[in-house]
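Visitor: What follows is a predicted protein model with its sequence.
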Amino acid sequence: MHLLAQELKEDDAKRAMELAAYFTHCKLEPMHLALSLRSAMSIFFKNKNLGTCAHFCRRLLELSPGPKIADQARQVLTACEKAPNDAVRIEYDPRNPFDICSITFTPIYKGSKYAEDPYTGARASPRVPTRLTPLQRPGSEPCYKIHCTLPMLMFWNLG
């Protein structure tokens, strides 16, 4: 996900910001989380999404980073708090818990319908046709456990 965001930085700034934001919600070690938060902070600041950038600055400061990183985050936070507006509207709500669709890399917010691969635990949005997840073994059948009220036949015929 992070590599895809790096590739998209110049071509599609909106999608790059979304992917950077989603990556900060992955279960990472604190040092790696700090790196993803710094990356998101940088991308959002460059694209003038200062309201969301301030959120990443605060999360980064909560991790108690080194003095150099903390000073940089405080400077960016100060600049963001002067005009906390977002120039580009993205599909990201930091206050609403979510999982990430393993196929489209879009959020599946809490309470939304999803399908889960019992082998890998990867989740997918029922909006996309069922196929192998990126983590599934080649040659194995896609076997998703449905976590929604849709009948099984209806899900498999999507797409």
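Guide: Cool, the structure landed.
Visitor: Confirm that Ile43 sits in a helix.
Guide: Yes: under DSSP: H, G, I helix; E, B strand; the rest coil, Ile43 sits within a helix.
Visitor: looking at it, it is touching Met17, isn't it?
Guide: Yes: counting by CB atoms under 8 Å, Met17 is a contact partner of Ile43 at 5.6 Å. Just so you know, the C-beta spots here come from the backbone N, C-alpha and C atoms, and that holds for glycine as well.
Visitor: okay, the two: which has more neighbours?
Guide: Counting neighbours by other CB atoms under 10 Å for Ile43 and for Met17 shows that Met17 has the greater number, 26 against 23.
Visitor: Now do the contacts for the more buried one.
Guide: Met17 sits next to Ala40, Ile43, Phe44, Asn47, Asn49, Thr52, Val88, Ile90, Tyr92 when contact means CB atoms under 8 Å, 6 or more residues apart in numbering.
Visitor: Kindly provide the distance from Ala21 to Pro30.
Guide: 18 Å (CB to CB, to the nearest Å).
Visitor: ok, of the contacts of Met17, which come out buried?
Guide: Neighbour-count burial within the contacts of Met17 applies to Ala40, Ile43, Phe44, Asn47, Asn49, Thr52, Ile90, Tyr92; the criterion is 16 or more other CB atoms under 10 Å.
Visitor: Let's have those in a markdown table, adding pLDDT.
Guide: Shown next, in a markdown table, are the buried ones among the contacts of Met17 (pLDDT from 0 to 100):
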| residue | pLDDT |
| --- | --- |
| Ala40 | 93 |
| Ile43 | 92 |
| Phe44 | 93 |
| Asn47 | 91 |
| Asn49 | 93 |
| Thr52 | 93 |
| Ile90 | 90 |
| Tyr92 | 88 |
